[in-house]
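> A predicted structure for the sequence below; I have some questions about it.
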Amino acid sequence: MSSKKTGFVWHEIYMWHNTGNYAGVMPYGNPVQPGTHVENPETKRRFRNLLEVSGLLKQLQPITAREATEEEILRFHTRDYLEKIKALSANGGGDAGFYTPMGDGSYEIARLSAGGLLAALEAIMSGAVSNAYALVRPPGHHALANEGMGFCLFGNAVIAGKHALESYGLERIATVDWDVHHGNGTQSGFYNDPRALTISIHQDCCFPPNSGHLHENGEGEGEGFNINIPLPAGSGVGAYEAAFDRVVIPALKAYRPQLIIVPSGLDAGAYDPLGRMQMHSGGYRSLTKKLKNVADEVCDGRILMCHEGGYDEDALPFMGLAILEELSGIRTSVEDPFLEMMAGLGGQQLQPHQEEVITAAQQLVNKLG
Ligand code: 9RB
Ligand code: ZN
């Protein structure tokens with residue numbers, strides 16, 4: 001086992017990105033009473049707090065975030081979009097696109113969010129850490145080149161992936177997105193590019209609308225290098241493990257990326273308000289273990305995880321802790337009090353209609369050769 005530590009990115013200012021008054025995901029206005037936006041600091045704060053209270057935080061390597069430069073952001077986004085976000089941010093905020101509220105100063109915070117991944121990537125590539133988790137905000141996996149979407153301003157994982165390819169000269173990277181929603185932005189960033197294998201495992205047609213289908217398989221030179229696994233609502237740990245064993249891990253073994261980026265949304269958790277899946281901390285622990293094993297085999301363990309969605313304030317921190325325990329190889333004495341209850345839910349085992357989707361996705365791996 002590597003003696004190097006797991007890196008951890010956090011900055012309090014990430015929590016100051018203001019999504020404002022909403023009713024969950026819905027803009028308010030009569031007849032919708034104003035409330036809080038679902039993507040607010042609380043799950044992220046509680047995740048970090050549990051890392052601290054468990055004693056794990058002090059055993060991780062803190063990584064200081066930097067702001068991504070304009071050039072780094074423009075590797076993915078258009079100049080017009082960057083200028084739009086900059087102007088909104090300087091003028092009290094507004095909507096960056098499709099259901100993506102932002103407040104005063106969100107431009108700088110979003111640059112620091114993308115740059116948190118860049119700093120973590122630099123630490124991984126220099127060998128200062130073996131792998132890393134960037135607990136950043138705002139999230140990134142829905143953002144398109146010219147439009148904010150689904151609470152995401154800049155495509156953090158795309159910007160990091162392009163940095164790996166263009167500044168570090170890597171020839172192949174992979175992304176494995178386990179957020180309950182489709183990683184459409186990350187998919188779009190590399191859709192024509194065979195240097196990135198993009199994989200998203202998500203709840204079928206949850207968000208964005210009509211996105212994340214099996215047939216979205218890349219195009220041009222990138223044909224074959226995008227894999228979607230749209231699992232039916234209700235899928236549990238058995239379906240996720242089977243999808244990893246039969247699709248994600250074989251795809252990574254065939255492609256042999258030199259770096260694995262994981263847009264890590266924890267909204268596939270059983271009690272998450274925005275998803276209808278049944279994952280729990282044991283499931284995320286198991287998936288992280290599988291990823292670590294394959295990363296050890298193909299890319300010297302280089303895994304960069306970046307935080308995306310996840311809205312179950314109470315149970316999410318335990319899912320995050322399980323992931324960081326596996327990444328770091330350090331087991332704390334904290335037990336997840338939600339685990340037994342969630343593991344006992346009906347439908348945790350792989351069901352035939354879920355297996356059908358996995359079998360169809362398996363065909364796409366064969367094309368990778
Ligand atoms: C609304 C619509 C949503 C729904 C879910 C998300 C989740 C993001 C996430 C974002 C926006 C539609 C309010 C469609 O966690 N990603 O990882 N908004 N969806 N129509 N309307 C009226
Ligand atoms: Zn999500």
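Looks like it arrived, so ask away. Ligands and ions are numbered 1, 2, ... in the order given.
> Please give me every residue in contact with Ala96.
The contact partners of Ala96, taken as C-beta atoms under 8 Å, 6 or more residues apart in numbering, are Lys84, Ile85, Leu88, Met102, Ser106, Glu147, Gly148, Leu153. Just so you know, the C-beta spots here come from the backbone N, C-alpha and C atoms, and that holds for glycine as well.
> What ranges does the stretch 51-200 of the chain have for its strands?
61-63, 94-95, 97-98, 101-102, 131-134, 148-149, 173-177, 196-203 (DSSP state E, counting those that start in this stretch).
> Which one of those lies nearest to Arg331?
Closest to Arg331 of those, according to C-beta to C-beta: strand 131-134, at 16.1 Å.
> Buried residues of that closest one, list them for me.
By 16 or more other C-beta atoms under 10 Å, the buried positions in strand 131-134 come out as Asn131, Ala132, Tyr133, Ala134.
> Reformat those residues into TSV and put distance to ligand 1 and pLDDT next to each item.
Written out in TSV, the entries for these read as follows (distance: C-beta to the nearest ligand atom, whole Å; pLDDT from 0 to 100):
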residue	distance to ligand 1	pLDDT
Asn131	22	99
Ala132	20	99
Tyr133	17	99
Ala134	15	99
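> Export the residues you listed as TSV, with columns for distance to Ile261.
Below are the buried residues of strand 131-134 laid out as TSV (distance: C-beta to C-beta, whole Å):
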residue	distance to Ile261
Asn131	11
Ala132	10
Tyr133	12
Ala134	10
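> ok, now which ones touch Pro34?
For Pro34, the set of contacting residues under the criterion of C-beta under 8 Å, 6+ apart consists of Asn21, Tyr22, Ala23, Tyr28.
> one more time with 6 Å
Asn21, Tyr28 (C-beta atoms under 6 Å, 6 or more residues apart in numbering).
> Can you report how many residues lie near the residue in the stretch 151-300 of the chain positioned nearest to ligand 2?
Proximity to ligand 2, evaluated over the stretch 151-300 of the chain using C-beta to the ion, is greatest for His181 at 3.6 Å. Taking other C-beta atoms under 10 Å as the criterion, the count of residues near His181 is 28.
> tell me which of the buried residues of strand 131-134 is nearest to Ile260?
Asn131 (8.9 Å).
> now that closest one: how far from ligand 2?
Here Asn131 is placed at a distance of 22 Å from ligand 2 (C-beta to the ion, to the nearest Å).
> tell me the SS of the residue lying closest to Leu60 once chain neighbours are set aside?
The spatially closest residue to Leu60, leaving aside those adjacent along the chain, is Phe8, at 4.0 Å (C-beta to C-beta, 6 or more residues apart in numbering). With DSSP: H, G, I helix; E, B strand; the rest coil as the basis, Phe8 sits in strand.
> What of the one 10 residues further on?
Following three-state DSSP, Asn18 is assigned to coil.
> can you list the residues of the stretch 101-250 of the chain near ligand 2?
With C-beta under 5 Å from the ion as the criterion, the stretch 101-250 of the chain meets ligand 2 at residues Asp179, His181.
> I'd like the strands of the stretch 51-200 of the chain as JSON lines, with distance to Thr36 appended.
As requested, the strands of the stretch 51-200 of the chain are arranged in JSON lines below (distance: least, C-beta to C-beta, whole Å):
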{"stretch": "strand 61-63", "distance to Thr36": "29"}
{"stretch": "strand 94-95", "distance to Thr36": "17"}
{"stretch": "strand 97-98", "distance to Thr36": "20"}
{"stretch": "strand 101-102", "distance to Thr36": "11"}
{"stretch": "strand 131-134", "distance to Thr36": "24"}
{"stretch": "strand 148-149", "distance to Thr36": "19"}
{"stretch": "strand 173-177", "distance to Thr36": "26"}
{"stretch": "strand 196-203", "distance to Thr36": "23"}
